[in-house]
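Chemist: this one's sequence-less:
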């Protein structure tokens with residue numbers, strides 16, 4: 001099974017960034033306002049906690065979470081994400097996040113083929129949890145839809161970027 005030592009520091013940084021970018025790609029596709037953004041952030045964090053507590057979670061997922069939770073790992077992820085999103089519109093952020101996820105997908109396929117599908121499936125889980133975290137549209141939580149068309153489109157783009165099958 002692959003771990004941090006199997007990647008260059010730049011490659012590992014991209015893997016750590018992907019943890020954040022999976023949720024950001026969906027959030028940026030349909031900005032949810034303050035409360036929705038908080039719910040989406042909590043959903044992303046919950047996906048990390050669930051994977052960390054899951055004894056059957058993939059070793060590469062656990063290694064990434066362990067490093068992501070350190071000050072250095074979190075700093076690497078934040079700086080990489082910031083360099084992608086600063087000065088960008090939400091649509092640009094979503095596109096850049098999806099492009100970065102595609103790069104990580106290729107990297108995982110090349111350097112961690114035994115862990116690739118499990119890691120990418122976990123990234124998809126993060127994105128789906130974020131999409132489902134808050135209703136879009138409506139007013140003060142009334143009305144609206146659980147997952148907007150823009151979020152559904154973003155989820156499809158993420159599946160394509162990660163080279164994963166759809167949920168049909």
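Modeler: Perfect, thanks for sending it. The shown structure was predicted, so the numbers you read here are calculated from the model rather than taken from an experiment.
Chemist: in stretch 61-77, what's buried?
Modeler: 61, 62, 63, 64, 65, 67, 68, 73, 76, 77 (16 or more other CB atoms under 10 Å). For every residue, glycine as well, the C-beta is placed using N, CA and C.
Chemist: Quick check: of those, which lies closest to residue 49?
Modeler: residue 65 (8.9 Å; CB to CB).
Chemist: which outside residues touch the helix or strand residue 65 falls within?
Modeler: Taking DSSP states H and E as the definition, residue 65 sits inside helix 59-68. With CB atoms under 8 Å, 6 or more residues apart in numbering as the contact definition, helix 59-68 has outside contacts at 1-4, 12, 15-16, 19, 48, 51-52, 73-74, 77, 108, 112, 115, 118-119, 122.
Chemist: what about 7 Å?
Modeler: Around helix 59-68, the neighbours that count as contacts under CB atoms under 7 Å, 6 or more residues apart in numbering are 1-4, 15-16, 19, 48, 51-52, 73-74, 77, 112, 115, 118-119, 122.
Chemist: okay, the angle between the helix or strand that that helix is followed by and helix 59-68?
Modeler: As assigned by DSSP H and E, the chain's next helix or strand after helix 59-68 is helix 71-85. Relative orientation of helix 71-85 versus helix 59-68 (axes from the mean of the first three to the mean of the last three CA atoms, to 10 degrees): 90 degrees.
Chemist: Point out the other helices and strands that helix 71-85 packs with.
Modeler: helix 9-29, helix 59-68, helix 90-111 (3 or more CB pairs under 7 Å, 6 or more residues apart in numbering; DSSP states H and E).
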